[in-house]
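Peer 1: Predicted coordinates and the sequence they were generated for:
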Amino acid sequence: MRQSAKDDADGLLRVGVVGVGVMGSNHARVFADLPGVRLVGVADPDRKQRDFVSGALGCTAVGDVEALLAAGVDALTIAAPTHLHLELALTCIKRGVHVLVEKPIAPSVGEGRAIIAAARRAGVILMVGHVERFNPTVEAIKEAIRDEDILSIAITRVGPFPPRMSNVGVVIDLAVHDIDLIRWFTDSEIVEIQPQVSSAIAEREDIALLQFRTESGVLAQVNTNWLTPFKARNITIATAKKYIMGDLLTGQVTECFGFQPDGSYSMRHLSVRYAEPLRSELQAFVAAIRTGNAPAVTGEEGVASLEVAIRCLEGHAANAAAQRPSPRRLTG
C-alpha cells in the first residue's frame, strides 16, 4: 500500500473532489472542515461551478482529474456522472490514490468489478458512497434489530421529480439505497426479486414497486417514485418480538414490543444521535485510509447492491416482453 498520510510531513491527508455538482460540492464542504484533512482542490469541466465551490472553500479549482492529481492528493471522492466512474477511478487508482466512489459504483457490474480488481492490485482503499448507512436514524434502527429474528422490511422513498436527473431512473437513483439497506439490515444476500416498474412522466422508470426475499428468508419491499409532491423516507421492520418504525426525515424511531394476546403492546421512542450522515461517511473513509482496515462500504458491497438493482430492471423488461401480445395474423 502507498505511503499513508500520517507519514507525510504535515500529517494531513490531502484530498480532492472530482465532480462538484450537488453531491460533490457537499463532499468538498465537509472535507474542508474535517480535522486532519486538507482539501487540495476540486475538478469539474464546468468552470463557473468549480470556481464557485473553490472560492467558497479556499481551494484550487481545475478542469479535470489529471490536473487535480498533479496538485498532489492522497485521496479523492468521485462524484461525477456514473458513466465516467470507471475511467476516473482507474486513473486515480493507477496513481496510488485512495478513492470514494459515489453510488452507484459504476453503470454495470462488469465495470464495478474492474474498479475493485484495480484497487486490490494497487493496494489502495476503495469505498462506495452509500451515505444512508451513516444516517443516525438508520443506525438506531440497525441497533434496535440487532440479534432479532427479522421477518419483513418495508421501505418507502418517494418525492418529486428532480430536474437534474436524466441518465438513470428511480431504481438506480433511489432504490439502490434501500437495496443496500436491506442487505445491511439482514446481513444476507437478496436471492429472489419481483419487480414492478413503470414510466409515467419521465423517459426512464419513475415508479418502482420491488419485492425481495433474502437468503435468510426475510421478505422485503421497496416503494419508490418521482411522482409524490413531497419527500417521504420511511422504514418499517417486523421481527418476531418487535415492530420498528423509522422516519429518516424527522429522525424519529418508534419501537413497539411486548405484544399481548388481547392486542395490547408497549411503545417507546428510541434515542437517535445527531450527526450529518455525509460527515460520518467521510470520517469513515479517512479512518480506513489511516488504519488500512476495510472501509465501511466495500466495493464488493457496492457491486452487490448494483447487481440487484440491474436485475430489477432486466426482470421487468423480460416480464414486459413476455406479456406483450403477439401480432394478429390476417387470414384470407
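Peer 2: Perfect, thanks for sending it. The shown structure was predicted, so the numbers you read here are calculated from the model rather than taken from an experiment.

Peer 1: wait, what's in contact with the residue lying closest to residue 294 once chain neighbours are set aside?
Peer 2: Sequence neighbours aside, residue 288 is the residue nearest to residue 294 in space, at 6.9 Å (criterion: Cβ to Cβ, 6 or more residues apart in numbering). For the C-beta atoms, the positions are set from N, CA and C on the backbone; glycine is no exception. With contact taken as Cβ atoms under 8 Å, 6 or more residues apart in numbering, residue 288 is in contact with 125, 127, 294, 295, 296.

Peer 1: So the most centrally placed residue in the chain versus residue 34, what's the distance?
Peer 2: Central residue of the chain (Cα atoms, centre = their mean): residue 130, 2.6 Å from the mean position. Remark: distance between residue 130 and residue 34 (Cβ to Cβ, to the nearest Å) = 19 Å.

Peer 1: In PDB, please show the C-alpha coordinates belonging to stretch 206-217.
Peer 2: Extracted C-alpha coordinates of stretch 206-217, given in PDB (Å, rounded to 0.1, in the frame of the first residue of the first chain):
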ATOM      1  CA  ASP A 206     -40.200   6.900 -12.300                       C
ATOM      2  CA  ILE A 207     -42.300   4.400 -10.400                       C
ATOM      3  CA  ALA A 208     -40.900   1.100  -8.900                       C
ATOM      4  CA  LEU A 209     -42.500  -1.400  -6.500                       C
ATOM      5  CA  LEU A 210     -39.900  -4.000  -5.700                       C
ATOM      6  CA  GLN A 211     -40.300  -7.200  -3.700                       C
ATOM      7  CA  PHE A 212     -37.400  -9.300  -2.400                       C
ATOM      8  CA  ARG A 213     -36.600 -12.400  -0.400                       C
ATOM      9  CA  THR A 214     -33.200 -12.700   1.200                       C
ATOM     10  CA  GLU A 215     -31.200 -15.800   1.600                       C
ATOM     11  CA  SER A 216     -32.100 -15.800   5.300                       C
ATOM     12  CA  GLY A 217     -35.800 -15.800   4.500                       C
END
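
Peer 1: May I see the buried residues of it?
Peer 2: 206, 207, 208, 210, 212, 214 (16 or more other Cβ atoms under 10 Å).

Peer 1: Go ahead and confirm the second one touches residue 222.
Peer 2: No - look at residue 207 against residue 222 with Cβ atoms under 8 Å: they stay out of range, at 11.5 Å.

Peer 1: strands paired with the helix or strand where residue 208 lies, and their directions?
Peer 2: Per DSSP states H and E: residue 208 is located in strand 207-214. Under the criterion DSSP bridges, strand 207-214 sits next to strand 190-198 (antiparallel), strand 219-225 (antiparallel) in its sheet.

Peer 1: Give me the average confidence score over the first one.
Peer 2: Within the predicted structure, the mean pLDDT of strand 190-198 is 97.

Peer 1: If you count neighbours, what's buried in it?
Peer 2: 190, 193, 195, 197.

Peer 1: from those residues, which is closest to residue 243?
Peer 2: residue 190 (22.2 Å; Cβ to Cβ).

Peer 1: Which parts of the stretch 101-250 of the chain are helices?
Peer 2: 109-122, 136-144, 170, 176-186 (DSSP state H, counting those that start in this stretch).

Peer 1: so which of those helices gets nearest residue 27?
Peer 2: Nearest to residue 27, of the helices of the stretch 101-250 of the chain and by Cβ to Cβ, is helix 176-186 at 16.9 Å.

Peer 1: Which strands and helices lie in contact with the closest one?
Peer 2: Packed against helix 176-186, as judged by 3 or more Cβ pairs under 8 Å, 6 or more residues apart in numbering; DSSP states H and E, are the following elements: helix 136-144, strand 150-160, strand 190-198, strand 207-214, strand 219-225, helix 299-323.

Peer 1: Give me the distance between residue 155 and residue 129.
Peer 2: Going from residue 155 to residue 129 by Cβ to Cβ gives 19 Å.

Peer 1: Equivalent analysis for residue 169, please.
Peer 2: 19 Å.

Peer 1: More neighbours: these two, which one.
Peer 2: The neighbour comparison of residue 169 against residue 129 (other Cβ atoms under 10 Å) goes to residue 129, with 24 against 21.

Peer 1: Leaving out sequence neighbours, find the closest residue to the more buried one.
Peer 2: Going by Cβ to Cβ, 6+ apart, residue 129 has residue 102 as its nearest residue, at 4.2 Å.

Peer 1: Secondary structure class of residue 80, three-state.
Peer 2: What DSSP: H, G, I helix; E, B strand; the rest coil gives for residue 80 is coil.

Peer 1: One more: the one 3 residues further on?
Peer 2: For residue 83, the assignment made with three-state DSSP gives helix.

Peer 1: Please shift the residue numbers so they start at 312 in all later answers.
Peer 2: Happy to do that; since the first residue is 312 now, the last one works out to residue 394.

Peer 1: For the nearest residue to it once chain neighbours are set aside, grab the count of nearby residues.
Peer 2: Distances taken as Cβ to Cβ, 6+ apart place residue 418 nearest to residue 394, at 5.3 Å, with adjacent residues excluded. Look at residue 418: counted by other Cβ under 10 Å, it has 19 neighbours.
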